[in-house]
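**Q** Coordinates for the following, if possible.
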Amino acid sequence: MHRIINQSVSVEEREDQVWTVWLDSHGRSVNVFDAEMLSGLESVINHIAMSRQTLHAVVFRSRKASGFFAGADVHAIAQLETAEAARQIIQRGQDLMSKLESLSVPTVAAIDGICMGGGLEFALSCRYRIASDSARTLLGLPEIKLGLLPAWGGTQRLTRRIGVRKALEMILKGSPRSAAKALRYGLVDRVLNTAKWDTELAEIVDLIAAGRFAVSRPSRTIVERMEQSWLGSRIVLRAAAKRVAPQFVNYPATEAVLSAVRLALDSNGAGYHFERESFCKLLFTSTARSLLGLFELRDRAKKVATWLDVAAGVETADHAVSKFSRIAVIGAGAMGAGIGTLAAIKGYKVVFKEIDAPAADAGRRRAEELLGKQVTGGRLSLHEQQDVLRRMAFTPSWTETADCDLAIEAVLEVEEAKRDVFRDMDESLPKQAVLASNTSSLNVTRMAMVTQRAGQVAGLHFFNPVDKMDLVEVVRTEATSEETLQSLLEFVKRLGKTPIVTSDKPGFLVNRILFPYLGEAVRMVASGFSIAQIDDELRRFGMPMGPLELLDQVGIDIASHVACALTDILPDSQVPADFLADMAGRGLLGKKSKLGFYDYRSGKLPTPNGDIVHRPCSTTPHYEFLEDGLSNVQRRLIYALLNEAVHCLDEQVVAEPWMVDLGMVLGTGFAPLHGGPLRLIDSLGIATVQHNMTGLAQVYGDRFKPADGIDRVARNKSRFLSDGGSMMQDVNKHHQPPYPSLAALDPPSGSVN
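**A** Numbers count the residues shown, from 1 in each chain. Coordinates of the predicted model:
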């Protein structure tokens, strides 16, 4: 018998007294704990608890192809306005999990696909967790990335299930675990073959219903056995906290997580109360509001309709259905291999075109290596790896690209070389095919000019490494058609990436804003600042890595190319450009050559390169700066970035302020707790930023002269984003943003056409 509870929950009752509770969030692509899902599960669990009927097993399964549960409804959480409203929803969730955990009938969470946040807390409340070995199956508690902590019992049940050390790693890093690793942790009880999921799951459920299912726990290490004692658990807690917490040192949730895990070692239940109260406090911190706002901005950016001219009559449906089926990637170097491999993983047929057979073979090896890492990391099964390989072809001939409907150029960052490739693509691909460049800074319009299809040309700037970086800059020229833009946005969405549409200005958005920051760091090194000090201070600000470490990661040669492309529009940028060019000329290419600003040759922790250390310098500028919470080193670097962010807005590189913030967080890792460069300006106060920027200009030169937009907002005593202090208000407003309409601004000085 099949019983409908509501639009999200239904129950399949078998004659052998085994129930399957089907989860299917109404109108969503993933299961989330919204009001309807909570009501449906409360109804089912209360019925089971009060029923006199003897059930042998209850299985919770998802009807969604995406997986078990994506977690709580983040958008609903972001809209909570009071601590009491938050307390009620947390109490409701905790009560649901507690009732589920206390059921006398064996309960099973059947996890095929994602199981995140509240979904994992729900699964932990079941007696058994059975997972598929699909690469899609990932289990995690990512709340720290929103400035929060798991509050439906996650810190308590996970700690008791897998131990202090592993629980802290999962909660404080917020990164998910594959099914295989979850099995080794003891987080799941069995992992089944995806291809035989239904059959093997039915067999396991029958064993559970008959009371014959044996749970085998992984053997414990000495450290894990230590955790069983009161003293040992405290020692492990202290050591684990030191190891995994530093990257979130600026996040208020870190201390709360450590305290909650500590309380999980006690048996008095105080940890649940602590979770609840901590969540309510954290939710209204500036960090959480910024991070929740970024979550919503990312969701907004993924909607294709956000970027299209609706008035032009273009279809704006937001399903991720790409019109492309066969992709050509021209150049199978590091970036080309990364882009093409990702596309093949997502189901596209991909032809890698290289200059000759040896280069094509080298590209094949790169792609195979990338896939191997996916398998090793548990993100692809061996079966899925073989499927991906069958969708990939490597060739030195243009002939095999003749039926491709999208071509992405990923050759050397040299304009003439790229223009030659565009001529060849235009001649070789079907007339309806779209042509895109993965350039990081060069003019796409000039590439389009050598083709007979300028309206079907745009930029698709992926970031390295492609599999990890979420952002793609979709560069629109004045000739790019709405249809082309729509098809590329749908393609980016199908790849699982977040797009930001930019105009075709040098450096586009991210590199344009990033280079003054990186260039200022290079200037400081050249004038005698310590490499280690610069990077340490920026990590303390909240950056994932310092600017010099970032340059080494990107590659000094690539950074030098970008610097040269921007010297015409960035004042005083020739000095860092020349410095980087000199380093590249000496073979100091960064991590890939094992020598850059840092020395990587020992194979251990990198150390500053002693050959780049210059004379000692004075680090104290002679100016009365207003208090902004930044050190002199941080201020000089961060303000360079803030000023350029406003220049980009003034010059309409992107259309709205929120696009600047999201692009910089996703593309560079700009300290997410600050919400982005423009939100940081709003937080510091426009008067403070204007005053301090003017002081930096007096001390260091006109490159720090406040952007027109800073002066304009200061005169108006307004903000770049909303006056309400909550980024969620910016996201949900449909009227004019606080920053004036870009079309109404005075023509920006020094703009590039």
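**Q** which of the residues in stretch 417-435 are buried?
**A** Within stretch 417-435, the residues scored as buried using 16 or more other C-beta atoms under 10 Å are 418, 419, 421, 422, 424, 425, 426, 428, 429, 433, 434, 435. Yep, even glycine has a C-beta here, placed from its N, CA and C like the rest.
**Q** nearest spatial neighbour of the third one, skipping sequence neighbours?
**A** I take that to be residue 421. Nearest in space to residue 421, with sequence neighbours left out and distances taken as C-beta to C-beta, 6 or more residues apart in numbering, is residue 409 at 4.9 Å.
**Q** Next up, the contacts around that neighbour.
**A** Listed by C-beta atoms under 8 Å, 6 or more residues apart in numbering, the contact set of residue 409 reads 330, 331, 418, 421, 422, 425, 435, 436, 437, 438, 439, 447.
**Q** and if we set it to 6 Å?
**A** Counting by C-beta atoms under 6 Å, 6 or more residues apart in numbering, residue 409 makes contact with 330, 418, 421, 437.
**Q** quick revisit: looking at the buried residues of stretch 417-435, which are in strands?
**A** Of the positions in those, 434, 435 sit in strands, assigned by DSSP state E.
**Q** ok, the buried residues of stretch 417-435 vs residue 632, which is closest?
**A** Out of those, the one with the shortest distance to residue 632 is residue 418. That distance is 41.0 Å, counting by C-beta to C-beta.
**Q** That closest one and residue 457, how far apart?
**A** 11 Å (C-beta to C-beta, to the nearest Å).
**Q** Then residue 391?
**A** Applying C-beta to C-beta, one obtains 25 Å for the distance of residue 391 from residue 457.
**Q** With residue 431 instead?
**A** From residue 431 across to residue 457, the span is 13 Å (C-beta to C-beta).
**Q** and residue 546, how many neighbours does it have?
**A** Burial measure for residue 546: 24 neighbouring residues, criterion other C-beta atoms under 10 Å.
**Q** Ramachandran coordinates for it?
**A** Phi and psi for residue 546, reported as degrees, to the nearest 10, are phi -70, psi 170.
**Q** hang on, the earlier thing: ok, the buried residues of stretch 417-435 vs residue 563, which is closest?
**A** Of all these, the one sitting nearest residue 563 is residue 418; the distance, using C-beta to C-beta, is 18.0 Å.
**Q** show me the contacts for the closest one.
**A** Applying C-beta under 6 Å, 6+ apart to residue 418 gives the contacts 409, 447.
**Q** Go ahead and confirm residue 461 touches residue 474.
**A** No: taking contacts as C-beta atoms under 6 Å, residue 461 lies outside contact range of residue 474: 8.0 Å.
**Q** all strands for the stretch 301-450 of the chain, in order.
**A** Residue ranges of the strands in the stretch 301-450 of the chain, as given by DSSP state E, counting those that start in this stretch, are 326-330, 349-353, 392-395, 406-409, 434-437.
**Q** Pairing partners for the third one, with directions?
**A** Based on DSSP bridges, the strands next to strand 392-395 in the sheet, each with its direction, are strand 349-353 (parallel).
**Q** same question, the last one
**A** Strand 434-437 has its sheet partners listed here by DSSP bridges as strand 406-409 (parallel), strand 457-462 (parallel).
**Q** Ignoring the adjacent residues along the chain, who's closest to residue 499?
**A** Across the structure, with C-beta to C-beta, 6+ apart as the measure, the residue nearest residue 499 apart from its sequence neighbours is residue 492 (4.5 Å).
**Q** helix/strand/coil for that neighbour?
**A** Three-state secondary structure (criterion: DSSP: H, G, I helix; E, B strand; the rest coil) places residue 492 in helix.
**Q** where's it relative to residue 216, distance?
**A** For residue 492, the distance to residue 216 - C-beta to C-beta - is 43 Å.
**Q** out of those two, which sits in the more crowded spot?
**A** Taking neighbours as other C-beta under 10 Å, residue 492 and residue 216 compare with residue 492 leading, 24 against 9.
**Q** What pLDDT is listed against that one?
**A** We have a pLDDT of 97 for residue 492.
**Q** can I assume it is in contact with residue 501?
**A** No: with contacts defined as C-beta under 6 Å, residue 492 does not count as touching residue 501, sitting 10.0 Å away.
**Q** roughly how far apart are the residue most central in space within the chain and residue 342?
**A** For the chain, the residue lying nearest the average C-alpha position, counting by C-alpha atoms, centre = their mean, turns out to be residue 470 (4.9 Å). In this view, residue 470 and residue 342 are 12 Å apart by C-beta to C-beta.
**Q** again, but for residue 159
**A** Distance, residue 159 to residue 342, by C-beta to C-beta: 35 Å.
**Q** what about residue 231, how many neighbours?
**A** Applying other C-beta under 10 Å, I find that residue 231 has 8 neighbouring residues.
**Q** What mean pLDDT does the host helix or strand of it get?
**A** Element membership of residue 231 [criterion: DSSP states H and E] is helix 230-244. Averaging the model's pLDDT scores along helix 230-244 yields 71.
**Q** Return the list of helices and strands in contact with the next helix-or-strand element following it.
**A** Secondary structure here is assigned by DSSP H and E; on that basis, the next helix or strand after helix 230-244 toward the C-terminus is helix 253-264. Contact here means 3 or more C-beta pairs under 6 Å, 6 or more residues apart in numbering; DSSP states H and E; on that basis helix 253-264 packs against helix 154-162, helix 164-173, helix 270-282.
**Q** what comes up buried for helix 253-264?
**A** Within helix 253-264, the residues that count as buried by 16+ other C-beta under 10 Å are 253, 254, 256, 257, 258, 259, 260, 261, 262, 263, 264.
**Q** Pull the residues that contact it.
**A** Applying C-beta under 6 Å, 6+ apart, the contact partners of helix 253-264 are 144, 147-149, 155-156, 159-160, 168, 171-172, 237, 241, 245, 248, 270-271, 274-275, 278, 282.
**Q** Apply 8 Å and report the result again.
**A** Outside helix 253-264, the residues touching it (C-beta under 8 Å, 6+ apart) are 143-144, 147-149, 155-156, 159-160, 164, 167-168, 171-172, 234, 237, 241, 245, 248, 270-271, 274-275, 278, 281-282, 287-288.
**Q** Quick one: work out the angle between it and helix 164-173.
**A** An angle of 150 degrees separates the directions of helix 253-264 and helix 164-173 when computed by axes from the mean of the first three to the mean of the last three C-alpha atoms, to 10 degrees.
**Q** how far out from the middle of the chain is helix 253-264?
**A** Counting by C-alpha atoms, centre = their mean, to the nearest Å, helix 253-264 is centred 25 Å from the centre of its parent chain.
**Q** low-scoring pLDDT stretches of the stretch 601-750 of the chain, where are they?
**A** Within the stretch 601-750 of the chain, the set of residues satisfying pLDDT under 70 comprises 613-621, 723-750.
**Q** mind listing the helices for it?
**A** Under the criterion DSSP state H, counting those that start in this stretch, helices of the stretch 601-750 of the chain are mapped to 632-650, 657-668, 677-684, 686-700, 708-716, 727-732.
**Q** gap between the first one and the chain center?
**A** Its chain's C-alpha centre lies 23 Å from the corresponding centre of helix 632-650 when counted by C-alpha atoms, centre = their mean.
**Q** Report the buried residues of that helix.
**A** Applying a neighbour-count criterion of 16+ other C-beta under 10 Å, one finds 633-650 buried in helix 632-650.
**Q** Could you list every helix and strand in contact with that helix?
**A** Using 3 or more C-beta pairs under 8 Å, 6 or more residues apart in numbering; DSSP states H and E as the contact criterion, the elements in contact with helix 632-650 are helix 510-526, helix 531-541, helix 657-668, helix 677-684, helix 686-700, helix 708-716.
**Q** could you check the angle helix 531-541 makes with it?
**A** Direction vectors for helix 632-650 and helix 531-541, defined by the same axes, to 10 degrees, enclose an angle of 60 degrees.
**Q** Quick check: closest non-adjacent residue to residue 393.
**A** In this structure, residue 393 finds its nearest non-sequential neighbour in residue 351, 4.9 Å apart by C-beta to C-beta, 6+ apart.
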